[in-house]
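Trainee: have a look at this fold, sequence not included:
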């Protein structure tokens, strides 16, 4: 069975029908099903933070409301919490610490968390330097997005 940890944007795309990648996320989900989904507080908190901001294009409501929507979704898909924890300070987690930059801390943390939990990180982000994490290349799944037509 396929097993995945979704990053914040991938989970938002599944939850938000107005998300630019909503359709791509659901097509990916359908192709990979049945699947085991994992979650973590980092992603859950990120979804609540982003989706409840008034600046978010399709604000899903208050933090309380987004929390409820997320709880319902997690129950619906039977998502499990990651059982293993990781630290980017551990010597065996990063194979290329030189690739750890401020803009990639969350991405590399989630990729390392996926590796530690024997799953794959599902994301739309093609720029994650997977070689930075020990086992990261095999644990990264970039969700395909159809090209936009030229205008």
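Mentor: Right, received. Where do you want to start? Quantities reported herein were computed from a predicted structural model and do not represent experimental measurements.

Trainee: could you point out the longest helix of the chain?
Mentor: Ranked by number of residues, the top helix in the chain under DSSP state H is helix 63-76.

Trainee: pull out the buried positions in it.
Mentor: 66-67, 69-70, 73-74 (16 or more other CB atoms under 10 Å). To be clear about C-beta, it is placed using only N, CA and C from the backbone, and glycine gets the same treatment.

Trainee: the following helix or strand past that helix: how far from the chain's middle?
Mentor: Per DSSP states H and E, the first helix or strand lying C-terminal to helix 63-76 is strand 80-81. Strand 80-81 sits 13 Å away from the centroid of its parent chain (CA atoms, centre = their mean, to the nearest Å).

Trainee: now do stretch 91-102
Mentor: The answer for stretch 91-102 is 19 Å, by CA atoms, centre = their mean.

Trainee: quick one: contacts of that stretch?
Mentor: The contact list for stretch 91-102, computed with CB atoms under 8 Å, 6 or more residues apart in numbering, reads 86-88, 108, 112, 116, 129, 131-134, 136.

Trainee: sounds good, over and out.
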